[in-house]
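Student: Provide a 3D model corresponding to the input given below.
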Amino acid sequence: GRTGAIKPVASLAPVRIGGVTVSQATLHNGDYISDRDIRIGDTVVVERAGDVIPKVVRVIEEARPSGLEPWTMPTVCPSCGSDLVREEDEADLYCISSECPAQFIRLVEHFAARNAMDIDGMGSKLAVQLVEAGLIAHLDDIFRLTMEQLVPLERFAEKKAERLLAGIDAARGRPLSRLLFGMGIRHVGATVGELLAMHYPSLEALGKAGVDELAAIDGVGPIIAQSVADWFAADENKALVDRLRAVGVNTKRLPSEPVFSHEPTEGPLAGKAFVITGTLPGISRTDAAAALKAAGGRVASSVSKKTDYLVAGSSAGSKLDKATKLGVSVLDWEGALELIGTVSGDETAAGQEADDAPPTIG
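Tutor: Got it, this is the predicted structure:
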């Protein structure tokens, strides 16, 4: 992954599930595999979590051929050969090499994605092609691409190159929150990117913030704060910020972006703090967060004593466990819609949305 996380995936004999042919499924991490004793060659039960993401649920042990060896996670990165590390209280292994080529390809894909810098014309396959061709070695190289570099590439034509260059040019003016999310800072998702942009007017100002100052922001906390501070302290990242600014990428909060205010927000959810986890039915977590914010709620990335509600979908994990321990109220998406006021009790039971539902829903 873009942060160096090593994620095991099950390769399956193709099987139809809910009208979709599935040939891969998530295995989450090494603990998930060892707890279920999943081995290469096993017959397994697979389900689509939330009717979307396939996952291996369990092994059918009576169908296991003799002689299958237990499987363990690798100790070195399968891409660059660097030693893998497992941090305290984390289930994932990480490659921490800044020179890992697979990690950089995932970062370019993430940077160009629709909910990050939204570079029209740059999909996953093109990101791989441009990195492998040596045209992108750092994120700022994206903004230095030229027609002369692109047209000679395989499956490229002038029209395709023009579309990509236009998409890159448009991305220079994306909001600060999108840039913060797109740069791949560990633990900084879209919601945290918005929080940081609300509190700091530029990358430069954010880079000067200390860990304690960052951790005091509601919705950030010490782990995210340390990750952000560490990222901005690294010389190569300071240089990246300078280079992005030099190629015309916006590094300041736009007038259209919200600014943090102590004034109470208006709406039925004013003063309430939410965290979203799991797969929600019929709506992405990004759109769900937008709906909660439109109703005056605040959306954070981590559960704390200040969280009023956890909105939990299928395959909810550690956040649900933490919310239960802290006594935080847990809602499904229909329950959240009732709080927003867009669905009555009868309509919720029928799974229908009210006419006045926010446009981000559905």
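Student: Now Tyr93. Its backbone dihedrals?
Tutor: I think there's a mix-up here, since residue 93 is Leu and not Tyr. Phi and psi for Leu93, reported as degrees, to the nearest 10, are phi -90, psi 150.
Student: in the sheet, who's paired with it?
Tutor: Residues found in beta-bridge contact with Leu93 (criterion: DSSP bridges) are Ile6.
Student: count of neighbours near it?
Tutor: For Leu93, the neighbour count with other CB atoms under 10 Å is 22. Using the backbone N, CA and C atoms, a C-beta is placed for each residue, glycine as well.
Student: Pass me the low-pLDDT residue ranges in the protein, would you?
Tutor: Flagging of the chain using pLDDT under 70 yields the residue ranges 50-51, 261-265, 342-362.
Student: ok, longest strand in it?
Tutor: Selection of the longest strand in the chain by residue count, based on DSSP state E, yields strand 9-17.
Student: What number of neighbouring residues does Asp230 come out with?
Tutor: Asp230, neighbours per other CB under 10 Å, totals 13.
Student: Could you do Gly271 as well?
Tutor: By the measure other CB under 10 Å, the count of residues near Gly271 is 11.
Student: coming back round to it: tell me the strands beside the longest strand of the chain, with direction?
Tutor: When pairing is defined by DSSP bridges, strand 9-17 lines up against strand 20-26 (antiparallel).
Student: List the buried residues of the partner strand.
Tutor: 22, 25-26 (16 or more other CB atoms under 10 Å).
Student: in the stretch 1-150 of the chain, which spans are helices?
Tutor: Assigned helices in the stretch 1-150 of the chain, in chain order: 30-36, 101-112, 124-132, 147-150 (criterion: DSSP state H, counting those that start in this stretch).
Student: circling back to that earlier point, arrange the buried residues of strand 20-26 in TSV, one row each, with distance to Asp235 as further columns.
Tutor: Shown next, in TSV, are these (distance: CB to CB, whole Å):
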residue	distance to Asp235
Val22	44
Ala25	40
Thr26	36
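Student: what's the closest of the residues you listed to His199?
Tutor: Closest approach between the buried residues of strand 20-26 and His199, by CB to CB: Thr26, at 34.0 Å.
Student: how close does Val188 get to Leu145?
Tutor: Computed as CB to CB, to the nearest Å, the Val188 to Leu145 distance reads 26 Å.
Student: Who has more neighbours out of those two?
Tutor: Val188 (23 against 17).
Student: What's the separation between the more buried one and Arg2?
Tutor: Between Val188 and Arg2 the distance, using CB to CB, works out to 11 Å.
Student: what does Trp231 give?
Tutor: Here the distance between Trp231 and Arg2 works out to 13 Å (CB to CB).
Student: re earlier: for the longest strand of the chain, buried residues please.
Tutor: Those buried within strand 9-17 under the rule 16+ other CB under 10 Å are Ala10.
Student: starting at the chain centroid, how far to it?
Tutor: Put simply, strand 9-17 sits 24 Å off its chain's centre (CA atoms, centre = their mean, to the nearest Å).
Student: For it, report the contacting residues that lie outside it.
Tutor: With CB atoms under 8 Å, 6 or more residues apart in numbering as the contact definition, strand 9-17 has outside contacts at 21-27, 38, 44, 46-48, 54, 56.
Student: could those residues be laid out in a markdown table, adding distance to Leu196?
Tutor: Converted to a markdown table, these look like this (distance: CB to CB, whole Å):
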| residue | distance to Leu196 |
| --- | --- |
| Thr21 | 41 |
| Val22 | 37 |
| Ser23 | 39 |
| Gln24 | 34 |
| Ala25 | 34 |
| Thr26 | 29 |
| Leu27 | 32 |
| Ile38 | 38 |
| Val44 | 41 |
| Val46 | 38 |
| Glu47 | 36 |
| Arg48 | 34 |
| Pro54 | 34 |
| Val56 | 36 |
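Student: CA atoms only: put stretch 131-148 into CSV for me.
Tutor: As requested, C-alpha coordinates have been extracted for stretch 131-148 and formatted as CSV (Å, rounded to 0.1, in the frame of the first residue of the first chain):
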residue,chain,number,x,y,z
VAL,A,131,6.5,5.4,-12.9
GLU,A,132,8.0,2.4,-14.7
ALA,A,133,9.0,4.6,-17.7
GLY,A,134,11.0,6.8,-15.3
LEU,A,135,8.8,9.9,-16.0
ILE,A,136,7.6,10.1,-12.4
ALA,A,137,10.1,9.6,-9.5
HIS,A,138,8.6,12.1,-7.1
LEU,A,139,5.0,13.4,-6.8
ASP,A,140,6.0,16.8,-8.2
ASP,A,141,7.2,15.2,-11.4
ILE,A,142,3.5,14.7,-12.3
PHE,A,143,3.3,18.4,-12.9
ARG,A,144,6.3,18.5,-15.1
LEU,A,145,5.0,16.0,-17.7
THR,A,146,5.0,17.2,-21.3
MET,A,147,3.4,16.3,-24.6
GLU,A,148,6.8,15.3,-25.9
